[in-house]
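In: here's my sequence, what's the structure:
(4 chains)
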Protein chains: 2
Amino acid sequence: MKDSPEDQIVNAILDAIAEQRLPAGTKLGEQALSDLFSCNRANVRRALASLAAQQVVELRPNRGAFVMTPSPKEARDIFQARRAIERTIARHASGQASAEDIAFLRGNILEEAAARKAGDKPAELRASRQFHMRIAQIAGNLVLERFLSELTMRSTLILGLYSPTGSSSCAEDEHDRIVDVLESGDTDELVRLADEHLRHLEAGLNFDEPPAAPMSLKEQLMAPRSRSQAK
Amino acid sequence: MKDSPEDQIVNAILDAIAEQRLPAGTKLGEQALSDLFSCNRANVRRALASLAAQQVVELRPNRGAFVMTPSPKEARDIFQARRAIERTIARHASGQASAEDIAFLRGNILEEAAARKAGDKPAELRASRQFHMRIAQIAGNLVLERFLSELTMRSTLILGLYSPTGSSSCAEDEHDRIVDVLESGDTDELVRLADEHLRHLEAGLNFDEPPAAPMSLKEQLMAPRSRSQAK
DNA sequence: TTGTCATTTATTGTTAACAATATTTGATAA
DNA sequence: TTATCAAATATTGTTAACAATAAATGACAA
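Out: Numbering: from 1, shown residues only, chains lettered A, B, ... in the order given. Modelled structure (predicted):
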């Protein structure tokens, strides 16, 4: 029951982006990927085409594939779209959560808090994303779920670029209140909370400083030398 | 300034679906496409991977690529998502339309009416889709625009499957009122009209009869012979 | 005729080799 | 040193051949 090599590649890259292990701008070489997943380049190519269609990867002709670096304007569009979609999701999820759903979400909040305390950023991001996606599942609309999946992925890239390190992810107490209201069935309040939550996240962005030079794999390894040091 | 073969293929297929020249279920053979666009199969493959990522094409392993046939459940999800997105678009487009925009939309309505009168279904569908997409452009959010593009594409497939022939596309007088209100700047009324418009479209669907057998290219050519005729 | 099965045909999947294009490297000159 | 340019290297793009799989055909038996 194993996936096709193409799906493996797509999922591995999406996971890496979701956990901020792959920052915006990193090059995704075909050789490197086909070596990593021990398959031929044809599969890599198809995987990259899929990712490009999801706007998660940028395909520059004759140059290769790069993790997408969202512009400030794109960031605004993405958060606007997220609000529209997550509000709709909230409306349809309200009162629909099973006991199992609620248990999962409460457990997820603890997990995220623990990861944050431990300084495990990838685990924290993964948990936070799961929280949002689980509520999307409860709403029961596969189209909205897929759209949100794409948007959370791109949001992670945005946070990595424009977030003053530290304030990057969701405030956990907001997640707490959301679960309470989701359970209570107060639809209007849930929608309000979802909207507010996303506005807070967006408010934490800072577009002033330029989006930290897109670095290649090689540059990630060599520490940047200062001029004086070179002399 | 011509597109890459991959983009050509993607766009040609999307156009064909948008105009209902390619019905749901038709097989998209690699050879056939590479012949048509005089390119190699590698390009075709990447194009199909892109289309599959947009949920417009279904990729069955070892069987090939087929135009997606949305299920009734998917149809509901898609229209629900459309309402969420087009309402948001309406809110942001309200009062933002330039004189040029309004002129385009009014011209579009005439175009669609003419096509309907002339019995030119493809032209009618193309015009109707352009109407919705133009308003999305006015709203100025590229993410929502792309989502809507995908959803209108899939909506066309749904109409082709589940619409009692004739009632398939939008009521034109509704488009008329929408332009009026878009121009006036009454945001709440515009949102209401957009929602209502989509509900009417969805209400015209009929999921009772099974979704008209997915036909292959060969079957499209040979007229179905009745049994008695064969004798 | 009708159903089943082996054979043939067509289609998709995989691989490797080659061509075209960027990028890097290193030499040369100011 | 710094800049410029040519050569070397690496990467992407293209093509064709082959293998694996599914579909179509036709023979055979009931």
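
In: got the contact list for stretch A:135-143?
Out: Applying C-beta atoms under 8 Å, 6 or more residues apart in numbering or on different chains, the external contacts of stretch A:135-143 come out as A:86, A:88-90, A:92-93, A:96-98, A:101, A:105, A:144-145, A:148-149, A:178, A:182, B:74, B:77-78, B:80-81, B:151. Glycine gets a C-beta too; all of them are placed from N, C-alpha and C.

In: can you do 6 Å?
Out: The contact list for stretch A:135-143 (C-beta atoms under 6 Å, 6 or more residues apart in numbering or on different chains) reads A:89, A:92-93, A:96-97, A:101, A:145, A:148, B:77-78, B:80-81.

In: kindly export it (C-alpha atoms) in CSV.
Out: Listed next in CSV are the C-alpha coordinates belonging to stretch A:135-143 (Å, rounded to 0.1, in the frame of the first residue of the first chain):
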residue,chain,number,x,y,z
ILE,A,135,-11.8,21.9,11.7
ALA,A,136,-12.0,21.9,8.0
GLN,A,137,-12.5,18.2,8.0
ILE,A,138,-15.4,18.6,10.5
ALA,A,139,-17.0,21.1,8.1
GLY,A,140,-17.1,18.3,5.6
ASN,A,141,-16.5,20.1,2.3
LEU,A,142,-13.5,18.6,0.5
VAL,A,143,-13.1,21.5,-1.9
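
In: tell me which residue is most central in chain A.
Out: For chain A, the residue sitting closest to the mean C-alpha position, by C-alpha atoms, centre = their mean, is residue A:153 at 2.9 Å.

In: gap between that one and residue B:55?
Out: Remark: distance between residue A:153 and residue B:55 (C-beta to C-beta, to the nearest Å) = 16 Å.

In: try residue A:204
Out: Using C-beta to C-beta, we find residue A:204 at a distance of 32 Å from residue B:55.

In: pLDDT below threshold where in chain A?
Out: Within chain A, the ranges that satisfy pLDDT under 70 run A:1-2, A:166-169, A:210-231.

In: near DNA strand C, which residues of it?
Out: Contact residues (C-beta under 7 Å from any atom of the strand) of chain A with DNA strand C: A:4-5, A:39-43, A:62-63, A:216, A:218.

In: change it to 6 Å
Out: Contact residues, chain A versus DNA strand C (C-beta under 6 Å from any atom of the strand): A:39-40, A:42-43, A:62-63.

In: rebuild those residues as a markdown table, extending it with distance to chain B, secondary structure and neighbour count.
Out: Formatted as a markdown table, those follow (distance: C-beta to the nearest C-beta, whole Å; DSSP: H, G, I helix; E, B strand; the rest coil; neighbours: other C-beta atoms under 10 Å in any protein chain shown):
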| residue | distance to chain B | secondary structure | neighbour count |
| --- | --- | --- | --- |
| A:39 | 14 | coil | 17 |
| A:40 | 12 | coil | 11 |
| A:42 | 7 | helix | 16 |
| A:43 | 10 | helix | 19 |
| A:62 | 11 | coil | 4 |
| A:63 | 13 | coil | 9 |
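
In: returning to that earlier point: and the residue nearest to the centre of chain A, what does it touch?
Out: So residue A:153 contacts A:17-18, A:56 (C-beta under 6 Å, 6+ apart).

In: again, only this time at 8 Å
Out: Contacts for residue A:153 (C-beta under 8 Å, 6+ apart) come out as A:14, A:17-18, A:54, A:56.

In: near chain B too, which of these?
Out: Filtering the contacts of residue A:153 for neighbours of chain B using C-beta under 8 Å from any C-beta of the partner chain leaves residue A:54.

In: which of the contacts of residue A:153 fall within helices?
Out: Counting by DSSP state H, the part of the contacts of residue A:153 found in helices is A:14, A:17-18.

In: and residue A:103, what is it in contact with?
Out: Counting by C-beta under 8 Å, 6+ apart, residue A:103 touches no other residue.

In: for it, pull up the helix or strand it's in.
Out: Taking DSSP states H and E as the criterion, residue A:103 maps to helix A:99-118.
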